[in-house]
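> compute the structure for the input listed below.
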Amino acid sequence: MEFWHFGVPSIKNIEVMAKKCEDLDFNGLTLTDSQNLSNETYIALTLAARATTKLMLGPGVTNPLTRHAAVTASAIATLQEVSEGRAILGIGRGDSSLFNIGHKPVPPRVFQTYIETLQIYLNGGSLKANGYESQLKWLENTNNKKVPIDVAATGPKIIGIGALTSERVSLALGADVDRLAWGVNQIEQSISDGNHMINSKPSLGAYLNICVHEDVEKAAELVRPGVGIFAHFTGMSGANRDHVNQADQSTFDKLGSNYDKHRHGRGDATHAQEMSFEFIDRFSVIGPPEVCIKKLNVIKALGIERISVIGPRPDHFGAEADKAQERFAADIIPAFRG
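Below you'll find the model as predicted:
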């Protein structure tokens, strides 16, 4: 199983962050792409590439609206060249990056067209753009491997689009095992029913809030901000709630109606207080090492091959966040190696 660290780009310390991730034996580093809330992602990823030799790198995640598909394809292909083949393109429908410029997440059809266009560009192909033949011509002079696309998905439509158009799909459903099993089933159903743009089954991943800590209630508070972000995707209007029990329905309703995007990712936001300890425990991986390893093994058995580890945020929790990352690397990663 691969483990990726999920971080926020900060130009001041990105090289230190990336080198630490590599030294701790994480497989990769993904950085959020939200222009109003943090530094420019591709500049930060380039600095991270220069500071490391093995660490996989990519946005976690970008969106189809703030950059034209040719711009996104060129940016990630450049990172692929700088990193000598270590780039992955994580992409979703858009959340805080779009809200902060007055837009909603893009519709599924727009999302699918964008992914299909990216695949053409990244494969060196050409297409008509407003009547003009458009191609990343500079790719012809490189030996770049094709950059894999990793679709972040919550609902059945985007899961299906990812399954048919991309090399990777990462579920943003939280760590509730029933929800993840439903997501994996959706991917398999889509593969069975649909027309594939690529020739292989996508590898499966998941974004999970994780904190290894002997005090499980303390761990719950440390991941509360992150759980709030991913839970609100399911709470959004029209979101699929298959395999959500009745008790959780109420929490998702409150998150959907009360989510304060101006306090996105903050544990002290009003919406974050809507979540009980039981809810956080179910939708994250928290507690002593043996508890975390047991739950991760159950998730692995579903066919999940890759985990984007969303730990406590350093800008909120300081040294506690650093300790949590180090504890995960020391106590969890070795259990899944070899």
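> skipping its backbone neighbours, what lies nearest Thr32 in space?
Nearest residue to Thr32 in three dimensions, chain neighbours excluded: Val8, at 5.3 Å (CB to CB, 6 or more residues apart in numbering). The way it works is simple: take the backbone N, C-alpha and C, and place the C-beta from them, glycine included.
> count of residues packed around the residue lying closest to His103 once chain neighbours are set aside?
Leaving aside its sequence neighbours, His103 sits nearest to Leu65 (CB to CB, 6+ apart; 6.0 Å). Other residues within reach of Leu65, judged by other CB atoms under 10 Å, total 18.
> verify the contact between Leu65 and Val106 for me.
Yes - the pair Leu65 / Val106 is scored as a contact, 5.8 Å apart, by CB atoms under 8 Å.
> shared neighbours of those two, anything?
Residues touching both Leu65 and Val106 by CB atoms under 8 Å, 6 or more residues apart in numbering: Gly94, Leu98.
> longest strand in the protein, by residue count?
strand 203-212 (DSSP state E).
> let me know the outermost residue of the protein.
Gly131 (34.5 Å; CA atoms, centre = their mean).
> next, the contact list for that residue, please.
Going by CB under 8 Å, 6+ apart, the list of residues near Gly131 is empty.
> what are the ranges of the strands in the stretch 1-150 of the chain?
Assigned by DSSP state E, counting those that start in this stretch, the strands in the stretch 1-150 of the chain fall at 2-7, 28-31, 56-59, 89-91, 126-129, 132-135, 149-153.
> next one: the second one to chain centre, how far?
Counting by CA atoms, centre = their mean, to the nearest Å, strand 28-31 is centred 9 Å from the centre of its parent chain.
> the last one now?
On the basis of CA atoms, centre = their mean, strand 149-153 is displaced by 7 Å from the centre of the chain it belongs to.
> using PDB, write down the CA coordinates of it.
C-alpha atoms of strand 149-153 as PDB (Å, rounded to 0.1, in the frame of the first residue of the first chain):
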ATOM      1  CA  ILE A 149      -4.500  11.400 -13.900                       C
ATOM      2  CA  ASP A 150      -6.000  10.700 -10.500                       C
ATOM      3  CA  VAL A 151      -9.700  11.700 -10.100                       C
ATOM      4  CA  ALA A 152     -10.900  12.600  -6.600                       C
ATOM      5  CA  ALA A 153     -14.500  11.500  -6.400                       C
END
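> helices or strands next to it in the packing?
Helices and strands touching strand 149-153, by 3 or more CB pairs under 8 Å, 6 or more residues apart in numbering; DSSP states H and E, are strand 89-91, helix 108-122, helix 156-165, strand 168-171.
> buried ones in the second one?
Spelled out, that is helix 108-122. Within helix 108-122, the residues that qualify as buried are Phe111, Gln112, Thr113, Tyr114, Ile115, Glu116, Thr117, Leu118, Gln119, Ile120, Tyr121, Leu122, counting by 16 or more other CB atoms under 10 Å.
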